[in-house]
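Colleague: below: sequence and its predicted model.
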Number of protein chains: 2
Amino acid sequence: MPDKKDTHRLHDLFQLPPGRTLDICLKLHTAILEHRLAPGTKLSEDEVGEIYGTSRTVVRAALQALAHSGLVKIAKNRGAFVAKPSIREAHEIFEARALIEPRVARMAAKSISETDLERLRAHIDAEHEALHAGDMGKALSLSGAFHTAIADIADQQVLANMVRSLISRSSLIIAMYWQRPDTACESHSHHALLKAFADHDGDAAEEIQKSHLIDLHSGLNLVEAQQQDKSLKDILRAG
Amino acid sequence: MPDKKDTHRLHDLFQLPPGRTLDICLKLHTAILEHRLAPGTKLSEDEVGEIYGTSRTVVRAALQALAHSGLVKIAKNRGAFVAKPSIREAHEIFEARALIEPRVARMAAKSISETDLERLRAHIDAEHEALHAGDMGKALSLSGAFHTAIADIADQQVLANMVRSLISRSSLIIAMYWQRPDTACESHSHHALLKAFADHDGDAAEEIQKSHLIDLHSGLNLVEAQQQDKSLKDILRAG
DNA sequence: ACAATCTTAATTGTATACAATAATTATACA
DNA sequence: TGTATAATTATTGTATACAATTAAGATTGT
């Protein structure tokens, strides 16, 4: 189960006091992570406010928090939109992950407990389940949660928040650039990691995580094109 | 000169559109970095709003942005305070810097241009000048700006923003825990880095930056105590 | 005198109203 | 018919007013 602890730790990421602002922030956050909100979607203050039954004031605060995390882009006098990471940003984010997460995995391998291992297994199971149920969005969200769980286990809050932020943005990148519709979302690597953790083998954990991330990075189609927005009008006009 | 480019890039960190919110955010940010606002200082919305001649609405947004960057701590129904990083947080932040910045330095060494080198020299000169003028706060702020400048030169925006955030928080940590009142603030390392950059020697740059950060970390007095807040009353009562 | 409780004051949380800006549509002209 | 300009609409930016919560001070009882 993703359970309570996850959202509790997310509070850390946004640094918001408990309250409606945080609630909306988390709801939008999970909606984006589960790919229910596509990159580029406009998030009107009025609209969001009406949906969640609150005023623009609190919606605005939530949107700004998400903007700070890179999940939302605010354009002056134009409003908030779900971010659309550029190809370059995508490269940078996965390079940053490849720098940070292997180190985090090493640290986690040292300090991991039996209950932690149990939780990770539960994560993997839930991921499998969602995948089997055809809920791709949730499966992906859980796959990300697996990575953040490792950072939490390593018990390094500063790095954990960085990882959380990077993974959230990775979700957007995957929504835009993923090119393996087939793939049983890298569950093999997660199992391999689990074994390294069980053995408290820091070297192995670091190495596996590193190649896992390189693998993910290479699974993206990061080559120009894909600017479906502007070209759409042209295409329709041409046809 | 810290110049315009720096504040322009800071916009990236806060992800705020141009406007009064960003202005106040930057003003508070520099005030904290220059140690004119001590850790723990209360930042009342009314007070700050009156100082900058704006309403609470915009001040609130600025404070929340700073909270997200870890420079300000917001307590529910109690208000915003300049953050007071714990000892543990201090360790984590400098360990994160030791992980990220050497890599960034290596990348910068590869791509650095003549004009970039010139700018770095100017940074060092300005730092010396401020130090000579006795403006410790500004000297420290410029010392941090040197590190962020390297990240900008490396041209990795994602990592650069992480570094920026870490350095800002480091400034608070130094305000709380620095134990070398003497020291000509690590300018030697900065010169050594400059040489490595001029030689485009990535290995050297990485190594120098790494030991520089370890050196900074070890210059902190991170041993319990220092909780002057609660004990202050007790001390006065005892006397 | 000390402690506990209640009252009061001050500050933040939220909603709403107004102003400013940008996008869209309509209109006039070439 | 296409383009440029102007009016309109819709949305965000900001300020202010009110509600809720917390902290501090006063009051009462032991």
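Modeller: Okay, I see it.

Colleague: stretch A:140-153 near chain B at all?
Modeller: No: judged by C-beta under 8 Å from any C-beta of the partner chain, stretch A:140-153 and chain B are separated, with a smallest distance of 11.8 Å. (Glycine included, C-beta is placed from N, CA and C.)

Colleague: let me know the average pLDDT across that stretch.
Modeller: Across stretch A:140-153, pLDDT averages out at 94.

Colleague: let me know the helix or strand that the residue nearest the centre of chain A is in.
Modeller: In chain A, the centroid-proximal residue (C-alpha atoms, centre = their mean) is A:S168; its distance is 2.6 Å. Under the criterion DSSP states H and E, the helix or strand holding A:S168 is helix A:157-177.

Colleague: quick one, helices of chain A?
Modeller: With DSSP state H, the ranges of helices along chain A come out as A:3-14, A:20-33, A:45-52, A:56-68, A:87-111, A:114-132, A:136-154, A:157-177, A:187-198, A:202-218, A:228-238.

Colleague: so which of those comes closest to B:S211?
Modeller: When the helices of chain A are ranked by distance to B:S211, counting by C-beta to C-beta, first place goes to helix A:87-111 at 18.1 Å.

Colleague: just the angle between that closest one and helix B:157-177, please?
Modeller: Counting by axes from the mean of the first three to the mean of the last three C-alpha atoms, to 10 degrees, helix A:87-111 lies at 50 degrees to helix B:157-177.

Colleague: if you count neighbours, what's buried in helix A:87-111?
Modeller: The neighbour-count check on helix A:87-111 (16 or more other C-beta atoms under 10 Å in any protein chain shown) flags A:87, A:89-109 as buried.

Colleague: reformat the helices of chain A as CSV; add distance to B:A83.
Modeller: Putting those into CSV (distance: least, C-beta to C-beta, whole Å) gives the following:
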stretch, distance to B:A83
helix A:3-14, 13
helix A:20-33, 18
helix A:45-52, 29
helix A:56-68, 16
helix A:87-111, 22
helix A:114-132, 29
helix A:136-154, 21
helix A:157-177, 13
helix A:187-198, 33
helix A:202-218, 31
helix A:228-238, 40
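
Colleague: nearest to DNA strand D, of these?
Modeller: Closest approach to DNA strand D among the helices of chain A (C-beta to the nearest atom of the strand): helix A:45-52, 3.9 Å.

Colleague: pull the CA coordinates from that closest one and hand them back as PDB.
Modeller: Presented in PDB, the C-alpha positions along helix A:45-52 are these (Å, rounded to 0.1, in the frame of the first residue of the first chain):
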ATOM      1  CA  GLU A  45      -8.100  28.900 -10.800                       C
ATOM      2  CA  ASP A  46     -11.800  29.300 -11.000                       C
ATOM      3  CA  GLU A  47     -12.300  25.800 -12.400                       C
ATOM      4  CA  VAL A  48     -10.100  24.000  -9.900                       C
ATOM      5  CA  GLY A  49     -11.600  26.100  -7.100                       C
ATOM      6  CA  GLU A  50     -15.100  25.100  -8.100                       C
ATOM      7  CA  ILE A  51     -14.200  21.400  -8.400                       C
ATOM      8  CA  TYR A  52     -12.700  21.300  -4.900                       C
END
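
Colleague: same for that helix, what does it pack against?
Modeller: Contact analysis of helix A:45-52 by 3 or more C-beta pairs under 8 Å, 6 or more residues apart in numbering or on different chains; DSSP states H and E lists helix A:20-33, helix A:56-68 as its packing neighbours.

Colleague: gap between whichever residue of chain A sits closest to DNA strand D and A:E45?
Modeller: Across chain A, the shortest distance to DNA strand D (C-beta to the nearest atom of the strand) belongs to A:G79, at 2.9 Å. Between A:G79 and A:E45 the computed distance is 7 Å (C-beta to C-beta, to the nearest Å).

Colleague: A:A198 now?
Modeller: As judged by C-beta to C-beta, A:A198 and A:E45 stand 48 Å apart.

Colleague: likewise A:L63?
Modeller: Looking at A:L63 against A:E45, where the rule is C-beta to C-beta, the gap reads 7 Å.

Colleague: ok, those two, which is more surrounded?
Modeller: For A:L63 and A:E45, the more surrounded residue by other C-beta atoms under 10 Å in any protein chain shown is A:L63, and the numbers stand at 26 against 17.

Colleague: ok, that one touching A:L43?
Modeller: Yes: the pair A:L63 and A:L43 passes the contact test of C-beta atoms under 8 Å, sitting 6.2 Å apart.

Colleague: pull up the overlap in contacts between those two.
Modeller: Contact criterion C-beta atoms under 8 Å, 6 or more residues apart in numbering or on different chains; residues bridging A:L63 and A:L43 by contacting each: A:28, A:72, A:80.

Colleague: by neighbour count, which of these wins?
Modeller: Counting neighbours by other C-beta under 10 Å, A:V72 leads those with 26 neighbours.

Colleague: pLDDT score for that residue?
Modeller: At A:V72 the predicted local confidence, pLDDT, stands at 97.

Colleague: ditto for A:V223
Modeller: Here the pLDDT value assigned to A:V223 is 86.

Colleague: residues near A:L194, how many?
Modeller: Neighbouring residues of A:L194 were enumerated by other C-beta under 10 Å; the total is 19.

Colleague: err, A:D23, not the other one
Modeller: One way to gauge burial is a neighbour count; for A:D23, by other C-beta under 10 Å, it gives 16.

Colleague: with adjacent residues omitted, what lies nearest to it?
Modeller: Once its chain neighbours are removed from consideration, A:D23 has its nearest residue in A:Y52; the separation is 7.6 Å (C-beta to C-beta, 6 or more residues apart in numbering or on different chains).

Colleague: list the contacts of that neighbour.
Modeller: Each residue near A:Y52 by C-beta under 8 Å, 6+ apart is listed here: A:20, A:23-24, A:27, A:59.

Colleague: got it, and A:I112?
Modeller: Contacts for A:I112 (C-beta under 8 Å, 6+ apart) come out as A:153, A:197, A:200.

Colleague: out of those, who's nearest chain B?
Modeller: For chain B, the closest of the contacts of A:I112 turns out to be A:I153, at 14.8 Å, with distances computed as C-beta to the nearest C-beta.

Colleague: sorry, back to before: what do A:L63 and A:E45 both touch?
Modeller: Applying C-beta under 8 Å, 6+ apart, one finds that A:L63 and A:E45 are jointly contacted by A:A80.

Colleague: can you report how many residues lie near the closest residue to A:L37 other than its chain neighbours?
Modeller: For A:L37, the nearest residue in space outside its immediate sequence neighbours is A:A31; the separation is 4.7 Å by C-beta to C-beta, 6+ apart. The burial count assigned to A:A31 is 15, neighbours taken as other C-beta under 10 Å.

Colleague: what is the burial count for A:D215?
Modeller: For A:D215, the tally of surrounding residues (other C-beta under 10 Å) stands at 12.

Colleague: measure it to A:S86 for me?
Modeller: 22 Å.

Colleague: isn't A:R103 up against A:E206?
Modeller: Yes: counting by C-beta under 8 Å, A:R103 does reach A:E206; the two are 6.8 Å apart.

Colleague: shaky segments in chain A?
Modeller: Counting by pLDDT under 70, the ranges of chain A that qualify are A:1-8, A:181-186, A:225-239.

Colleague: spell out which residues of it are next to DNA strand C.
Modeller: For chain A, the residues in contact with DNA strand C (C-beta under 7 Å from any atom of the strand) are A:17, A:19-21, A:54-58, A:76-78.

Colleague: of these, buried ones?
Modeller: Burial by neighbour count, 16+ other C-beta under 10 Å: within those this picks out A:17, A:20-21, A:54, A:58.
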